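> Fold the following, please.
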Amino acid sequence: MELKKLSHAALILLFFCLRSALADAPAHYFVINEDNDHYFKLDSSLMTLDALEKYIDSMSETNVTHFFMCANGQRTSYRTSVWEAIWDDVGGRAPDDIWPRNAKKLFDAGIDPYSVWVKRCRKNGISAWMSMRMNDVHFATVKNYFRNMEFWRNNPHLWRVPGATGGAWTDFAFDYSKEEVRNFSKKLVRELLERYDVDGLELDWMRFCLHLPPKKAYQMRSALTGFVRDVKGIVSEFEKRRGHKIGLGVRVPVDPQMSAWMGMDAVEWDKEGLVDLVVASCFFSSTDFDMSAKKWREAGLKAPLLCAADNGVCAALKLRRVDMDVPMYNAWVANMIYAGFDNGVYLFNLVYSRHFADVIRADWSPAAMESLPRRHVLTFHDYMEVPHTSKKCEQLPRLLDKPVGLEIQCAKIPRTASVSARVDFKNAADFDTSKFSAILNGQKCKFVVECDPVLKGRRGVRFGFDRSAAKDGANLLEISQLGGSARTLEWAEVEINLPR
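The predicted structure is shown next:
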């Protein structure tokens, strides 16, 4: 793979490889995931060869080293011969949506966007991979929804919950313990590698995370291992045909034990030599600010390990999701480096963010990180499903009928930083900031002021602290209410700002 040779990218490479300075430096990744519908929802005037090329050119001279192109949900955004295209009829009618219309416009013009992007990535020194969603069930409960294929509708016996009529989308996901499902997916694997001369293929198991019968995933995880083994064989076949290395990556849950419990035993896949890249990822609701590379390494993982962020955060599944801004991305990267993720980052859904251009140009070198504003948000482990012995670590919401302690990860704190905490409360009537107090790692706050809330319709409060109150890594923030009716705490973060 050809990596970009830029002074700025070199600084970031140094940053991510710092922990391995005395050993062979790991490959560096700054991955953008281009999902299966994003580009096709843009204005129809952009469905041209020139616009497709300019889209990739916009990532030249930035941090981006790898561009992962997702060409499928259940249906593909190109004319497939083994599955169904996004513009194919549903119930005898053509889909009436901008995505299938634009994808078909390109097809009718004889343009395959992914072929264009592969070529343009190579021209710009960006490594092009295909990313295959393994079990997409967006809007599975909506009858005849255009994203979902006839094969899926006509074979309810292949679902995780055969014949499901309601419930969670994931009840309708394919059951990979069934050979027919595995063979069906392998057809698309082969087609993707036949059509596109890429540097790698990612199996995206995080869409939608549950691939085996309910409560049986761990016991039946060998089905997914067998499938990955078969895909590795297909990849090896195409390596010989193409005459170059084709990497095989997987996107799985943030924790190795939880990943295996859900059937995705990435450590075992690595031990068998089946994967070249593992991406530890949240699902969707919240980027995880408290991940651990150490857990993966202690479990035996040797492959390059990336941490993945989505484009939003929240403190619990039932609380409101907020779009990430640049200071949040700065904080997340700082946390991930502190947590041992030294191979790079993977950014999912960033393409939808208004901060896309800023993030792909962000300077996360060691010197720059000392002066970047950071918002260290309290988040949770966004698993789709957990065993009764595990927790998602949801610390909020909490009623302040007594002092509440919250653990927030803050990475390495610059010596000259100013430190504050920001929280949002529900129950906003008769709000009085003088009735709140905060302690950070045993030190009481210097001031309390009302501020704009992060969550719409809530009341925001900021607590100021001496720099000495904050410490590297985990910080204990204690919030107390001194009187009045108890408020409910729904958001918390530690802000790190530097003097200009």
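
> Each with direction, which strands does the lengthiest strand in the chain pair with?
The longest strand of the chain (DSSP state E) is strand 488-497. Neighbouring strands of strand 488-497 in its sheet, by DSSP bridges, are strand 374-377 (antiparallel), strand 398-399 (antiparallel), strand 418-425 (antiparallel).

> want to try a markdown table for those, with distance to residue 261, mean pLDDT and mean neighbour count as columns?
The C-beta positions use only the backbone N, C-alpha and C, and glycine is treated the same way. A markdown table is the format used below for the strands paired with strand 488-497 (distance: least, Cβ to Cβ, whole Å; pLDDT from 0 to 100; neighbours: other Cβ atoms under 10 Å):
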| stretch | distance to residue 261 | mean pLDDT | mean neighbour count |
| --- | --- | --- | --- |
| strand 374-377 | 26 | 98 | 26 |
| strand 398-399 | 27 | 96 | 17 |
| strand 418-425 | 33 | 97 | 23 |
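
> Same list, those strands, but as TSV with distance to residue 125 please.
Output for the strands paired with strand 488-497, formatted as TSV (distance: least, Cβ to Cβ, whole Å):
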stretch	distance to residue 125
strand 374-377	30
strand 398-399	48
strand 418-425	39
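
> right, so of those strands, which gets closest to residue 497?
strand 418-425 (4.9 Å; Cβ to Cβ).

> neighbouring contacts of that closest one?
Strand 418-425 is contacted from outside by 375, 400, 413, 431, 438, 440, 445, 451, 453-455, 458-467, 469-470, 477, 479, 487-499, using Cβ atoms under 8 Å, 6 or more residues apart in numbering.

> Can you turn the buried part of those into a PyMOL selection?
Buried members of these, defined by 16 or more other Cβ atoms under 10 Å, are picked up in PyMOL with:
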select buried, resi 375+400+413+438+440+445+453+454+455+458+459+460+461+462+463+464+465+469+470+477+479+487+489+490+491+492+493+494+495+496+497
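
> And the helices in the stretch 1-150 of the chain, which stretches?
Under the criterion DSSP state H, counting those that start in this stretch, helices of the stretch 1-150 of the chain are mapped to 7-17, 49-57, 98-108, 113-123, 150-153.

> Would you map out the domains in the chain?
7-373, 398-497 (automatic domain parsing).

> chain center to the helix with the most length in the chain: distance?
In the chain, ranked by residue count with DSSP state H as the criterion, the top helix is helix 222-242. From the chain centre to the centre of helix 222-242 is a distance of 24 Å (Cα atoms, centre = their mean, to the nearest Å).

> For it, which helices and strands make contact with it?
Packing partners of helix 222-242 (3 or more Cβ pairs under 8 Å, 6 or more residues apart in numbering; DSSP states H and E): helix 179-195, strand 200-204, strand 247-253, helix 266-271.

> Parallel or antiparallel, list what pairs with the second one.
For strand 200-204, sheet partners with direction are given as strand 127-133 (parallel), strand 247-253 (parallel), following DSSP bridges.

> Can you add distance to residue 66, mean pLDDT and mean neighbour count and give the ones you listed back as CSV?
Below are the strands paired with strand 200-204 laid out as CSV (distance: least, Cβ to Cβ, whole Å; pLDDT from 0 to 100; neighbours: other Cβ under 10 Å):
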stretch, distance to residue 66, mean pLDDT, mean neighbour count
strand 127-133, 5, 98, 24
strand 247-253, 9, 98, 26
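
> possible to save those strands as CSV with distance to residue 222?
Converted to CSV, these look like this (distance: least, Cβ to Cβ, whole Å):
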stretch, distance to residue 222
strand 127-133, 21
strand 247-253, 16
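
> for these, which one sits closest to residue 362?
strand 127-133 (19.6 Å).

> Could you tell me the angle between that closest one and helix 113-123?
Calculated by axes from the mean of the first three to the mean of the last three Cα atoms, to 10 degrees, strand 127-133 forms an angle of 150 degrees with helix 113-123.

> got a list of contacts for strand 127-133?
1-3, 33, 36, 65-73, 114, 117-118, 121-122, 185, 188-189, 192-193, 196, 198-204, 207, 247, 249, 251.

> Over to stretch 41-58?
By Cβ under 8 Å, 6+ apart, stretch 41-58 touches 39-40, 67, 98-99, 101-102, 105-106, 109, 111, 113, 116-117, 120-121, 124, 126, 357.

> all helices in the stretch 251-400 of the chain, in order from the N-terminus.
Counting by DSSP H, counting those that start in this stretch, the helices of the stretch 251-400 of the chain are 256-261, 266-271, 293-298, 326-338, 356-359, 366-369.

> For residue 169, find the nearest of the ones you listed.
helix 256-261 (19.8 Å).

> Tell me which residues of the closest one come out buried.
Buried-residue list, helix 256-261, by 16+ other Cβ under 10 Å: 256, 258, 259, 260, 261.

> re the thing from before, would you mark the buried spots in the longest helix of the chain?
If you call a residue buried by 16+ other Cβ under 10 Å, then helix 222-242 has these buried ones: 223, 224, 225, 227, 228, 230, 231, 232, 234, 235, 238.

> Please apply the same query to stretch 108-122.
In stretch 108-122, counting by 16+ other Cβ under 10 Å, buried: 112, 113, 114, 116, 117, 118, 120, 121, 122.

> got it, and stretch 255-275?
255-256, 258-270, 274-275.

> these two touch, right, residue 451 and residue 463?
No - applying Cβ atoms under 8 Å as the test, residue 451 and residue 463 come out as separate, 9.9 Å apart.

> will you turn the helices of the stretch 251-400 of the chain into a markdown table that also has distance to residue 313?
Below are the helices of the stretch 251-400 of the chain laid out as a markdown table (distance: least, Cβ to Cβ, whole Å):
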| stretch | distance to residue 313 |
| --- | --- |
| helix 256-261 | 19 |
| helix 266-271 | 24 |
| helix 293-298 | 20 |
| helix 326-338 | 7 |
| helix 356-359 | 14 |
| helix 366-369 | 20 |
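
> what's the closest of the ones you listed to residue 81?
helix 266-271 (28.7 Å).

> what helices or strands is the closest one leaning on?
By 3+ Cβ pairs under 8 Å, 6+ apart, helix 266-271 packs against helix 222-242, strand 247-253, helix 256-261.

> where does the chain have low pLDDT?
1-27, 386-392, 500 (pLDDT under 70).

> dump the residue contacts of the spatially closest residue to residue 341 that is not a sequence neighbour.
Setting aside the residues directly before and after it, residue 341 is nearest to residue 307 in space (Cβ to Cβ, 6 or more residues apart in numbering), at 4.3 Å. Residue 307 is in contact with 254, 279, 280, 281, 291, 293, 336, 339, 341, 345, 346, counting by Cβ under 8 Å, 6+ apart.

> The third one: what's it in contact with?
Which is residue 280. 252-255, 259, 291, 293, 296, 305-308, 341.

> 10 Å instead?
206, 250-256, 259, 266, 288, 291-293, 295-296, 301, 305-308, 336, 341, 346 (Cβ atoms under 10 Å, 6 or more residues apart in numbering).
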